[in-house]
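Participant: Provided below for reference: sequence and predicted model.
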Amino acid sequence: MVQTTSSSTLLPKDVRRVYANVLKFNDHHRLTTYNITNRCNLRCEGCFFYEGDKMSSLRDDRTVDQWRDFFAREKARGIVVCDIAGGEPALNRDRLRLAAEYFEHGIIYSNGIIPIPPDIRFKIHVSLWGDEASDLDVRGAPILRKAIENYRNDPRAVVVYTFNHFNIEHVFDVAQQVHDAGIQLSFNHFSATEQYNAKLSGVVEAKRSKTFKISTPEDNLRLTPEDLIRVRDVCSELMLRYPQTVVYSETINEAVNRPEGVFTVDPQTGEAIDCWSLNAKQNDGGYRNYQTDFSVGRCCLPNTDCSECRVYVVMYGKLIFGTQQALLKDGRLLTQDERAAREALRDPEELVRWLDVVDTWLALSVVGYERQRIYFRKGHEPKSIGSVEQGKPFDEEQREIA
């Protein structure tokens, strides 16, 4: 293993292989989000969809034929990957099946309560916010056990654990259950909406509602700087403890947990000037965020406060599309070999970190994609573990890599 002078450990013998794998999905930057329903069977505290009026208030009355024509036009526009969100997409299987007719790859963002039929071969990101007790408090229903049983040993499923101020330590028990069920695990951060923050600050009246049940200015879901440091270390620990289960990037882990924030926000508009979805070129093949009435939202999560946004999908987009322009031409990966790419970047570690992010995202978005980790935080390499308290021990291939 080659040591660098920075805070990482590189595995150069695997870089070429990962780069070759990434190039196979060279058109996956052509993605768009489709909010296919305003309905949901939960009301979560601080929900990015309902705690605000920029998404849930829009019409949801398009017919099956209108959705079919819409998806056909989107495919003709050059879209390759569909992100299916809402509301709860599982409540509208007809629209899910229509999307599957037109797009080979996609992600469905679901709470996991209603199983999505196996013939829909998209990745399914199952959102969990803690154990069953915290689910009941924050989401209004005990979700954990039902979601795990619905997707046990399902290669489409990834449990996405959303950290908030109350549930950081609960993740260890959840990770063990998810691991035992043969489901992949990844991570997200609670990101407050503008309306949620306005209620906490007193700018608007903090009336109790289904999406504002327990929060107070002194005690709420927002992650503190100390929380973020703890989340970073917990994620690193879980990546080592469950190497076959956790699908996450140390590059993302470091970037998203910066206490000072992730995005540069324009003080005049309150919007991030370096958010890839907010500033995407909405041309043919370009990213758009469609609402249920087929209108286009300002970004992938229009209600979210840009100053606090740490949403995992946005973070992957920022690091893939926003910071590695030396590897991109007209939004596509360059086909040069590893050495040429390194020379273009003038920093081999930058290439490795970028590949780590892309490789991780493909594992999260493509059913059957095989990921190979090539970046580890200094002191968090697999060989540094004395024992594995839970989960499977490292296999022989991992020992050789370490």
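Facilitator: That came through fine.
Participant: show the pLDDT at residue 382.
Facilitator: On pLDDT, residue 382 comes in at 56.
Participant: could we number from 610 for the rest of this?
Facilitator: Renumbered: residue one is now 610, and that last one reads residue 991.
Participant: could you pull out the helices for the stretch 810-959 of the chain?
Facilitator: 834-850, 859-865, 921-926, 947-954, 957-974 (DSSP state H, counting those that start in this stretch).
Participant: I'd like to know which of those is closest to residue 696.
Facilitator: Residue 696 lies closest to helix 921-926 among the helices of the stretch 810-959 of the chain, at 16.3 Å (Cβ to Cβ). Where you see a C-beta, it was placed from the backbone N, CA and C, and this is true even at glycine.
Participant: picking that back up, now render the helices of the stretch 810-959 of the chain as a markdown table, adding mean pLDDT, mean neighbour count and distance to residue 670.
Facilitator: Listed next are the helices of the stretch 810-959 of the chain as a markdown table, based on pLDDT from 0 to 100; neighbours: other Cβ atoms under 10 Å; distance: least, Cβ to Cβ, whole Å:
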| stretch | mean pLDDT | mean neighbour count | distance to residue 670 |
| --- | --- | --- | --- |
| helix 834-850 | 96 | 18 | 40 |
| helix 859-865 | 94 | 21 | 37 |
| helix 921-926 | 91 | 22 | 27 |
| helix 947-954 | 48 | 15 | 48 |
| helix 957-974 | 87 | 22 | 30 |
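Participant: residue 625: which of those helices is closest?
Facilitator: helix 947-954 (4.7 Å).
Participant: endpoint to endpoint, stretch 625-641 covers what distance?
Facilitator: End-to-end distance of stretch 625-641 (Cα to Cα, to the nearest Å): 29 Å.
Participant: in it, which residues are buried?
Facilitator: In terms of neighbour count (16 or more other Cβ atoms under 10 Å), stretch 625-641 has its buried residues at 627-628, 630-631, 634, 636-641.
Participant: those in helices, which ones?
Facilitator: 627-628, 630-631 (DSSP state H).
Participant: can I get those in a markdown table with distance to residue 756 and pLDDT?
Facilitator: Below are those laid out as a markdown table (distance: Cβ to Cβ, whole Å; pLDDT from 0 to 100):
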| residue | distance to residue 756 | pLDDT |
| --- | --- | --- |
| 627 | 31 | 83 |
| 628 | 35 | 80 |
| 630 | 30 | 82 |
| 631 | 30 | 84 |
